[in-house]
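>>> the following block contains a protein sequence and its predicted model.
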Amino acid sequence: MTFSPNPDAVRTANDAPDAVTFTLGDAVRTVSAVGDAVVGTELGFGLRVGALATAIARRLKLEEPAIDAIGYAGMWHHIGHTGLPLDSPFIDRSARAKEIAAWEAPLAGAAISRATPAIPAAVADAIRWHREAWDGTGFPDRLRWNGIPQAASIVGVARAFLAGTASRVEPREPDEVLYELMNSAGRAYSVGLLRAFRETVMFEPDACAPGAEPALPPLYGNAESARALFARVAHTIDGRDATTIGRTERMGRSIAATANALGYDRAFIERATMLATFVTFGDLAKIAVRDELDPLARMARERRAPEIALAQRIAKRTTTYAPYAPMLADVYEWFDTKRELAIEARLVAVASAYDILSRVIASTSTAASKTLDERIYAAAGTQFDPAIASAFVTELRR
C-alpha cells in the first residue's frame with residue numbers, strides 16, 4: 001500500500017495537473033497508526049484488528065465488498081478517540097465520567113470515515129457500532145441482536161481479543177482472552193460469530209500475529225485527498241483542548257503566507273504544512289492539559305521530546321511519510337546548532353512557537369501582539385532562521 005500514481009487512472013484534457021488519481025494506502029495506514037497512538041497501544045494494532053476481522057469475515061463467507069469494508073473499519077475503529085478531551089488538573093473526572101465520555105468515540109470515528117470520500121460508506125457504520133453488545137448493553141445506540149450490523153460485530157470481537165492480548169498495562173494470554181470471549185456468547189456477541197472467531201484464532205494464527213495487516217484493494221483519490229484527511233484528523237486532535245482548537249489550521253495559514261513571501265513553491269508549502277500536521281499527531285503523547293512551557297526556552301525542546309518521538313514513529317510507518325521523520329527532529333532544534341536544519345522545519349518552528357506564545361498571552365491588545373513580534377525577532381539567529389523569522393513577523397503584521 002503505497003502513495004503512488006494509479007497507472008489505471010484516465011486523465012482528460014480538462015484535468016488539472018494535480019487531479020491525477022493516487023492510491024491512498026499510506027495515508028490510510030498512517031491514520032490507523034494515529035488511532036493506535038491515541039489509545040496507547042503499539043503502532044500496528046489497528047492493522048492487526050483489520051487483519052483478524054477480515055479473516056473472520058472470510059470464514060463466515062461474506063462477500064468481498066463487505067470483507068473490504070470490515071478490513072478498513074478494523075484499521076480505523078479507534079480513530080474517534082482522537083477527539084476525546086484531555087484530562088485537566090482543574091477538573092476531577094471520575095473513571096465513570098471518562099467511560100461515558102468514551103462513548104462518543106465511535107460516533108466521532110464514523111464521522112471521520114464518512115467525511116473521507118475514498119472510504120466505502122459501510123465502513124462508517126461498522127466503526128459506529130463496533131462497541132454494541134448482542135444483549136443491548138453496548139454503546140453508543142444500545143442496539144441488540146440482529147439490529148447490530150454483522151460487520152460491526154466482527155470488528156468488535158477482533159478488537160476485544162487483540163486489546164486483551166496486546167494491552168501495555170496488563171497483557172493476557174490468548175487462551176485466557178479467548179475463553180473469556182467465548183463465555184460472553186449471548187451477551188456481548190452472537191453464538192455464530194463467536195464460533196467463527198474461535199475457529200479463526202485456532203486455525204489461522206497468522207491473522208492476529210504481530211505485524212499482520214489486511215490484504216485490501218487500494219483506495220483512490222486526488223492529490224488533495226491525503227492532505228484533507230490528515231487535516232481533518234489534526235483538527236480533531238486540536239479540539240481535545242479548548243485552548244488549541246484550530247491550531248494546525250492557523251499554523252498552516254501562517255506557514256503558507258511566510259513561504260510565499262520568501263518565494264518558495266507550492267511543493268515546499270505542502271511539505272511544510274504536512275510537517276506541521278505530523279507535529280500535531282505527536283501531540284497525542286500528551287495525555288493531560290498542561291501549562292505551556294515558554295517555547296523560547298531551551299528546555300522546551302526536552303519537554304517535547306516524547307511528542308516528537310511519537311510523531312517520528314508514526315511517520316516511519318510508511319515509505320511515503322518516512323522522509324518527515326528526520327525533519328521532525330529539526331522542528332524544536334535551535335538554529336544555532338552545529339548541523340544543518342531542514343528549511344521546512346525552520347519555518348514550522350517559528351509558526352509553532354508563535355502559536356504557543358499567542359495562546360499563553362491572554363490579552364489580544366496591540367501591545368501584546370507587539371511583544372510577541374519582538375520576542376520572535378529577539379530569538380532570530382539563535383533559535384530561529386533570521387530570514388524566516390523576519391518574513392514571518394512581516395506577514396503577520398499585514
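It's in.
>>> L47: which element?
helix 45-59 (DSSP states H and E).
>>> that helix: how far from the chain's middle?
20 Å (CA atoms, centre = their mean, to the nearest Å).
>>> number of nearby residues for the spatially closest residue to S153 that is not a sequence neighbour?
Spatial nearest neighbour of S153, chain neighbours left out: L193 (5.5 Å); criterion: CB to CB, 6 or more residues apart in numbering. No exception for glycine: its C-beta is placed from N, CA and C like everyone else's. Using other CB atoms under 10 Å, L193 has 20 other residues around it.
>>> same question for the one 3 residues further on.
Using other CB under 10 Å, the number of residues around A196 comes to 19.
>>> so it sits right up against A55, yeah?
No - using CB atoms under 8 Å, A196 is not in contact with A55, being 9.4 Å away.
>>> re the thing from before, roughly how far apart are the residue nearest to S153 and E204?
Applying CB to CB, to the nearest Å, the value for L193 to E204 is 16 Å.
>>> repeat for L328
37 Å.
>>> tell me what the helix holding L47 is packed against?
If you count contacts as 3 or more CB pairs under 8 Å, 6 or more residues apart in numbering; DSSP states H and E, helix 45-59 packs onto helix 25-39, helix 64-76, helix 150-165, helix 191-203.
>>> tell me what angle the last one forms with helix 150-165.
When axes from the mean of the first three to the mean of the last three CA atoms, to 10 degrees is applied, the directions of helix 191-203 and helix 150-165 differ by 50 degrees.
>>> now do helix 191-203: which elements does it pack against?
Other elements packing on helix 191-203 under the criterion 3+ CB pairs under 8 Å, 6+ apart are helix 45-59, helix 150-165, helix 174-182.
>>> so which of those helices comes closest to I127?
Distance to I127, taken as CB to CB, is lowest for helix 150-165 among those, at 7.5 Å.
>>> what are the C-alpha coordinates of that closest one, in PDB please?
Taking only C-alpha atoms (Å, rounded to 0.1, in the frame of the first residue of the first chain), the coordinates of helix 150-165 have been written out as PDB:
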ATOM      1  CA  GLN A 150     -22.700  -8.000  11.300                       C
ATOM      2  CA  ALA A 151     -19.600  -6.100  10.100                       C
ATOM      3  CA  ALA A 152     -19.600  -4.000  13.300                       C
ATOM      4  CA  SER A 153     -19.800  -7.100  15.500                       C
ATOM      5  CA  ILE A 154     -16.900  -8.700  13.600                       C
ATOM      6  CA  VAL A 155     -14.700  -5.700  14.100                       C
ATOM      7  CA  GLY A 156     -15.800  -5.600  17.700                       C
ATOM      8  CA  VAL A 157     -14.800  -9.100  18.600                       C
ATOM      9  CA  ALA A 158     -11.500  -8.700  16.800                       C
ATOM     10  CA  ARG A 159     -10.800  -5.600  18.700                       C
ATOM     11  CA  ALA A 160     -11.700  -7.100  22.000                       C
ATOM     12  CA  PHE A 161      -9.400 -10.100  21.500                       C
ATOM     13  CA  LEU A 162      -6.400  -8.100  20.500                       C
ATOM     14  CA  ALA A 163      -7.000  -5.400  23.100                       C
ATOM     15  CA  GLY A 164      -6.700  -8.100  25.800                       C
ATOM     16  CA  THR A 165      -3.600  -9.800  24.400                       C
END
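>>> ok now it, how far from the chain's centre?
Relative to its parent chain, helix 150-165 has a centroid offset of 20 Å by CA atoms, centre = their mean.
>>> just stretch 164-173 next, same as before
The mean C-alpha position of stretch 164-173 is separated from the chain mean by 22 Å, CA atoms, centre = their mean.
>>> rounded mean pLDDT for that stretch, please.
Averaging pLDDT along stretch 164-173 gives 81.
>>> what does stretch 240-254 give?
On average, stretch 240-254 scores 91.
>>> try stretch 263-270
For stretch 263-270, the per-residue pLDDT averages 95.
>>> report the buried residues of it.
Using 16 or more other CB atoms under 10 Å as the test for burial, stretch 263-270 gives Y264, F268, I269, E270.
>>> wait, doesn't the second one sit right on A259?
So the one you mean is F268. Yes - using CB under 8 Å, F268 is in contact with A259, at 5.9 Å.
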